[in-house]
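Peer 1: Sequence and predicted structure, then a few things I'm wondering about:
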Amino acid sequence: MNTGVIELKSASRWYGNVVAVNDITMTIGPGVTGLLGPNGAGKTTVLHMMAGFLAPSQGEVTLDGRPTWRNPEIYRHLGLVTERENVHGFLTGWDFVLASARLHRLRDPEAAARRALHIVEMTEAANRRISTYSKGMRQRTRVAAALVHDPRVLLLDEPFNGMDPRQRLHMMELLHTMAREGRTILFSSHILEEVEQLSGTVQVIVAGRLAASGDYRRIRRLMTNRPHVFTIHSSDDRRLATALIRLESVSGVSLGQGGLQVQANDYGSFTRALTKTARQEQIRLRQVLPADESLESVFSYLVAANDGAALPNPVQPAPASRPTPSPQPVSGGAR
Amino acid sequence: MRLNTTIMRITMRSMLSRKRALLLIPMPLLLIVLTVLCANSSSIATAEWVEVLIGDLGVAVVLPLTALIIGTSVLGSEIEDGTITHILAKPLPRSEIVLSKLVVAFVLTMVTAAVPLGITGAIAGSNSFAVALLVGCTVAALAYSAFFVALSLLTRRPLLVGLIYVLLWESTLSALFKGIRNLSIQQYAISITDRIDNSDLLISDLSVTVAVVMSVVFTVVGTLVASDRLRSFNLTGEAA
């Protein structure tokens, strides 16, 4: 039965001595799932294995129980938008999407192409050459080509790159709609806020390993155990420090040569209170830098926290023959 | 195995829109101009200039280099710029993709090399020589195309490997060692031309049976190898 379930079973991928993906076991079902991780973590490698464009060096990658590698039949149910802008610039948007419909041997390729272009709001510009499109327009045209055969599974690698805020919002709505229809949508991103806005389930990959998996909010709750650290430069750091320490969202302040270091318990309420306080004190903020915002540092905390924390339904990586021992991923619960 | 007209149309447009396509025009043009000049010159014997101009330049250089540029581009350049994923992410048999690309490579090589060589044949001697040359070069164009399309999937440097085959294997080594001619597509073109035309303007000691059989082998094996390689096509990830 075709339900659009992608499974990785102890899947690893290495290039020579470099392990890009290390013993990952995950199941992606209907709904929106974010594949999250810092740049170079192995997200693209995982997506390419899922899309049948990379053979796992070890383990299995399947779509509805059938291997994705060397199996072009999977593309009847799968749409792929790669990160690289791989589009023939001499074609018009219409030509490109229509060609996709024809290559899928759809019964009415023109109607399918029209529908797909309408979904991504590219109907008006469809007769222009792709070489004249902005990055966001190209991206939407590529999404249209991936949607033209109405796939059950859609894989998108960094789909919001180059899109303006309105286009992002529209794309997010589109992905939500498709998910509500029971489709499996997996998108990769290294931007936490994008994943947060799309909600759903996340799979977090750090250094080729599955570091966390499950409901985003529960993982996020774990992250808040660790205070957010900001480095601030202002017109009067000392006076600002005095004002900030009075805030409930601030747990610590230190003043050094590198500027003012603030530990905040809550990211959102602190950033709102900071601007308000600075305005009240008539202090000019010159620079506000989140000092530990990188996903890698947050995830390494999550992995370390996993040793002591009692977490629901932890994912159990397969014990057999791993290239290198990997820590257990944090699970944010069942989806 | 079937052909895919959508792939063929996109490939043809892609090939003609690339700057590399401009490289294909001067070579056959120069060949025809030189042939006209030699044909109108009384100081050189026809047999002499035909061997140098049509044999050593046309069949040994223009035809394989044209086939090399085209054959390695129809798939190779799409692999290079990533546009190949557009076609590969479709439920199409990989043999259908390869065959469609091969037909485009063959037609373009025919038009830009085999036909101009046929024209030089007509200028040089008789219609029979022109037809023989056209047939010989057409067969070779097909074998070269299949070989170079397969090369573009077997190595990351198909142009370099192809040049080594054309310049070192076919032109140098096959002149020194007779056995190597059995694996030289250039020799198949000359052998078939020599067999069809009796004017002895181009002579080969390779049997025509070997030439035809080996041309088929190059074409079939090239297509099968390319199809199999395309089935295992790897999109290199960030750690590549």
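Peer 2: Received the coordinates, thanks.

Peer 1: make it CA atoms for all contacts and neighbour counts henceforth
Peer 2: OK.

Peer 1: The helix or strand that contains B:Ser14 packs against which elements?
Peer 2: Taking DSSP states H and E as the definition, B:Ser14 sits inside helix B:5-17. Counting contacts by 3 or more Cα pairs under 8 Å, 6 or more residues apart in numbering or on different chains; DSSP states H and E, helix B:5-17 packs against helix A:93-103, helix B:63-74, helix B:94-109.

Peer 1: and those, which is most packed in?
Peer 2: helix B:63-74 (a mean of 27; mean count of other Cα atoms under 10 Å in any protein chain shown).

Peer 1: Say whether chain A is contacted by it.
Peer 2: No - figure legend: helix B:63-74 not in contact with chain A (Cα under 8 Å from any Cα of the partner chain); closest approach 13.3 Å.

Peer 1: what mean pLDDT does the helix or strand following that helix have?
Peer 2: Going down the chain from helix B:63-74, the next helix or strand is helix B:76-81, by DSSP H and E. Helix B:76-81 shows a mean pLDDT of 88.

Peer 1: and helix B:76-81, which residues are buried?
Peer 2: B:Gly76, B:Ser77, B:Glu78, B:Ile79 (16 or more other Cα atoms under 10 Å in any protein chain shown).

Peer 1: CA atoms only: put that helix into CSV for me.
Peer 2: Output of helix B:76-81 as CSV, limited to C-alpha atoms (Å, rounded to 0.1, in the frame of the first residue of the first chain):
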residue,chain,number,x,y,z
GLY,B,76,27.9,15.3,-19.2
SER,B,77,27.1,19.1,-19.2
GLU,B,78,23.8,18.4,-17.5
ILE,B,79,25.5,16.3,-14.9
GLU,B,80,28.0,19.2,-14.4
ASP,B,81,25.4,21.9,-13.9
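
Peer 1: just checking, what packs against it?
Peer 2: Using 3+ Cα pairs under 8 Å, 6+ apart, helix B:76-81 sits against helix B:127-154.

Peer 1: The residue in the stretch 151-300 of chain A positioned nearest to chain B - nearest residue in space that isn't next to it in sequence?
Peer 2: Of all residues in the stretch 151-300 of chain A, A:Gly208 sits closest to chain B, at 9.7 Å by Cα to the nearest Cα. What sits nearest to A:Gly208 in space, not counting adjacent residues and going by Cα to Cα, 6 or more residues apart in numbering or on different chains, is A:Val21, at 4.1 Å.

Peer 1: Then A:Arg84?
Peer 2: B:Gly82 is the one closest to A:Arg84 (Cα to Cα, 6+ apart), at 7.2 Å.

Peer 1: so that neighbour touches A:Asn86, yeah?
Peer 2: Yes - shown here, B:Gly82 and A:Asn86 form a contact pair, counting by Cα atoms under 8 Å, at 5.0 Å.

Peer 1: More neighbours: which of the two?
Peer 2: Neighbours per residue (other Cα atoms under 10 Å in any protein chain shown) separate B:Gly82 from A:Asn86, with A:Asn86 holding more: 20 against 17.

Peer 1: Return the residues in contact with the nearest residue to that one once chain neighbours are set aside.
Peer 2: Counting by Cα to Cα, 6+ apart, the nearest residue to A:Asn86 once its immediate chain neighbours are dropped is B:Thr83, at 4.4 Å. Residues near B:Thr83 by Cα atoms under 8 Å, 6 or more residues apart in numbering or on different chains: A:Asn86, A:Val87, A:His88.

Peer 1: what's the distance between the last one and chain B?
Peer 2: Read that as A:His88. 7 Å (Cα to the nearest Cα, to the nearest Å).

Peer 1: which residue sits closest to that residue, ignoring its sequence neighbours?
Peer 2: Closest to A:His88 by Cα to Cα, 6+ apart is B:Thr83, at 6.7 Å.

Peer 1: thinking again about what came up before, least trustworthy position among the contacts of B:Thr83, going by pLDDT?
Peer 2: A:Asn86 (76).

Peer 1: Could you list every helix and strand in contact with the helix or strand containing B:Ile190?
Peer 2: Using DSSP H and E, B:Ile190 maps to helix B:185-196. Under the contact criterion of 3+ Cα pairs under 8 Å, 6+ apart, helix B:185-196 touches helix B:127-154, helix B:208-231.

Peer 1: For chain A, which helix extends over the most residues?
Peer 2: helix A:165-180 (DSSP state H).

Peer 1: beta partners for A:Leu255?
Peer 2: On the basis of DSSP bridges, A:Leu255 is bridged to A:Leu260.

Peer 1: quick one: buried residues of the host helix or strand of B:Ala47?
Peer 2: For B:Ala47, the element it lies in under DSSP H and E is helix B:46-49. Neighbour-count burial for helix B:46-49 flags B:Trp49 (criterion: 16+ other Cα under 10 Å).

Peer 1: contacts for it?
Peer 2: Residues contacting helix B:46-49 (Cα under 8 Å, 6+ apart): B:Cys38, B:Ala39, B:Ala124, B:Leu201.

Peer 1: neighbour-wise, which of these leads?
Peer 2: The most crowded member of the contacts of helix B:46-49, judged by other Cα under 10 Å, is B:Ala124 (23 neighbours).

Peer 1: Give me the spatial nearest neighbour of that one, chain neighbours excluded.
Peer 2: B:Ala39 (6.2 Å).

Peer 1: Same question for A:Pro38.
Peer 2: Nearest one to A:Pro38, counting by Cα to Cα, 6+ apart, is A:His190 at 5.2 Å.

Peer 1: My understanding was that that neighbour contacts A:Leu36; is that so?
Peer 2: Yes - using Cα under 8 Å, A:His190 is in contact with A:Leu36, at 5.6 Å.

Peer 1: So which of the two has more stuff around it?
Peer 2: A:Leu36 (28 against 21).

Peer 1: Spatially central residue (nearest the centroid) of chain B, please.
Peer 2: The C-alpha lying nearest the average C-alpha coordinate of chain B belongs to B:Ala67 (Cα atoms, centre = their mean; 3.2 Å).

Peer 1: need the contact list for that residue.
Peer 2: Shown in contact with B:Ala67 (Cα under 8 Å, 6+ apart): B:Ala105, B:Phe106, B:Thr109, B:Ala141, B:Tyr144, B:Ser145, B:Phe148.

Peer 1: Among those, which one lies nearest to chain A?
Peer 2: Taking Cα to the nearest Cα as the measure, chain A lies nearest B:Ala105 of these, at 18.4 Å.

Peer 1: any idea how far B:Ile69 is from that closest one?
Peer 2: Separation of B:Ala105 from B:Ile69 (Cα to Cα, to the nearest Å) stands at 9 Å.

Peer 1: The residue of chain A positioned farthest from its centre is in what secondary structure piece?
Peer 2: Distance from the C-alpha centroid of chain A, by Cα atoms, centre = their mean, peaks at A:Arg239 (39.5 Å). A:Arg239 belongs to helix A:237-244 when assigned by DSSP H and E.

Peer 1: Provide the contact partners of that helix at residue level.
Peer 2: Here helix A:237-244 makes contact (Cα under 8 Å, 6+ apart) with A:Ser234, A:Val250, A:Val253, A:Ser254, A:Leu255, A:Gly259, A:Leu260, A:Leu274, A:Thr277, A:Ala278, A:Glu281, A:Ile283.

Peer 1: how does it look with 10 Å?
Peer 2: A:232-234, A:250-256, A:259-262, A:264, A:270, A:273-274, A:277-278, A:280-285 (Cα atoms under 10 Å, 6 or more residues apart in numbering or on different chains).
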